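**Q** Attaching a predicted model along with its sequence, questions to come.
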Amino acid sequence: MEVDTLEPGDLARFIVDVISDKQGEDILMLDTRPVSFISDYFVIATAASDRQLKAIADDIQKRLKKDRVLPLGVEGTAASGWVLLDYGSVIAHLFSPGMRDYYRLEKLWEHAPVVVRMQ
């Protein structure tokens, strides 16, 4: 990955790939540009366990850090069932199944075009 040429869409797809590599489930990449100024893309995914949620969040950060791409912020913990990784133009939401059902971000952002959906 070339840091100098990393576009928001490429960053979001890279995050989707890392989640997929770690066996994340129900991965969704939304193009939020038409409906929000918060970010360009949301990546939403589910992890089957706290351990898997932590592993996914850690691997995303570790792999991007190698290319000097650091999050602007990290919120939540695996034990809470929701970890948010804020990369500015891309925000990754990693959930436990129960927390994903509770917050239903897909419903909140239902007008954002779906770019990637992986069951």
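**A** Ah, there it is.
**Q** Residues contacting the helix or strand hosting Gln61, please?
**A** For Gln61, the element it lies in under DSSP states H and E is helix 50-65. Under the criterion Cβ atoms under 8 Å, 6 or more residues apart in numbering, residues 11, 14-15, 18-19, 21-24, 45, 47, 70-71, 74, 77-79, 81, 83, 85, 87, 92, 94-96 lie in contact with helix 50-65. No exception for glycine: its C-beta is placed from N, CA and C like everyone else's.
**Q** What is the subsequent helix or strand relative to that helix?
**A** strand 73-77.
**Q** quick one on the thing from earlier: quick check: mean pLDDT of the helix holding Gln61?
**A** Model confidence over helix 50-65, given as mean pLDDT, is 97.
**Q** just to revisit the earlier point, please flag which of the contacts of helix 50-65 sit within helices.
**A** Among these, the subset assigned to helices under DSSP state H consists of 11, 14-15, 18-19, 21.
**Q** ok, so of those, who is nearest Phe37?
**A** Relative to Phe37, the closest of the ones in helices among the contacts of helix 50-65 is Leu11; by Cβ to Cβ it sits at 17.6 Å.
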